[in-house]
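Chemist: following is a predicted model, sequence given first.
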Amino acid sequence: MSEAAKASGNLASERLLRLLEEGGARYELLEHAPEGQTVRASALRGHALSAAAKCMIVTVLGGTPAERHVLAVVPGDRRVDLARVAGECGGQRAQLAPRGLAESLSGCVSGSIIPFSFHDELSVLADTALFGEPTLYFNAARLDLSVALASEDYRALANPKIVPIAA
C-alpha cells in the first residue's frame, strides 16, 4: 500500500468518525487484524455476513451524463447487480470502477471503502435488504478498524437512495 493511499484512508477514517460523533450515531469501533475481504472481515468481527455493508464503486455508462460513478452498498452475502444499478441511474450498462478510480473517489484503499460518500461526483445507492439488519458492519476506511453502526443511523447520516440493487 502506498503512503498516499495510507494517508488518504486516514483522512477518510477521521472524516467518517467525526461524522458519526457529530451526528450522534450509535456505533462501536472494532479493532482487528488487517482484512479487506468481506467474508474474512465479518468472521473477525463476529457477525452474520448479511450484516456487512459491502461497498463497491460502480461506473455507469450511457444516459446523461455519459459516464457517472456511484457507491453501491449491498449486504455482505449478496453481489451488486450491475444491470440494476445502471437502470436506477438511467444508464445503459454498469461496471466496477478500476481500483485506482475507486480509491480516488472513495478516499479509501480497496477493501476498506466506507458506505458514505465525501465526494461530489459519487452518489450512494443502498440495497433495500441492508435495512433488515439492526446493525451494519464495515471497515472504517482502514483495513484494521471496523464500525458497528445502527442501520437507522446509517440511513439518516448517509442519506442513500434505497433501491433493490443486490443479486
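Modeler: Perfect, I can see it now.
Chemist: what sits against residue 11?
Modeler: residue 107 (Cβ atoms under 8 Å, 6 or more residues apart in numbering). Placement of C-beta: from N, CA and C, glycine included.
Chemist: look up how far residue 156 lies from it.
Modeler: 23 Å (Cβ to Cβ, to the nearest Å).
Chemist: got it, and residue 62?
Modeler: 32 Å.
Chemist: more neighbours: which of the two?
Modeler: residue 62 (15 against 12; other Cβ atoms under 10 Å).
Chemist: what's the following helix or strand after the worst-scoring helix or strand of the chain on mean pLDDT?
Modeler: Lowest on mean pLDDT, DSSP states H and E among the helices and strands of the chain sits helix 3-22, with a mean of 78. Later in the chain than helix 3-22, the nearest helix or strand by DSSP states H and E is strand 27-31.
Chemist: within the sheet, what are the partner strands of that following strand, with directions?
Modeler: Strand pairing for strand 27-31, using DSSP bridges, gives strand 145-150 (antiparallel).
Chemist: report the mean confidence score over the strand it pairs with.
Modeler: Averaged over strand 145-150, pLDDT sits at 98.
Chemist: tell me where the model's unsure across this protein.
Modeler: 1-9 (pLDDT under 70).
Chemist: swap the cut-off to 90 and go again
Modeler: 1-11, 63-66, 121 (pLDDT under 90).
Chemist: the helices in it, which residues?
Modeler: Per DSSP state H, the chain carries helices over the ranges 3-22, 38-45, 82-88, 99-106, 151-158.
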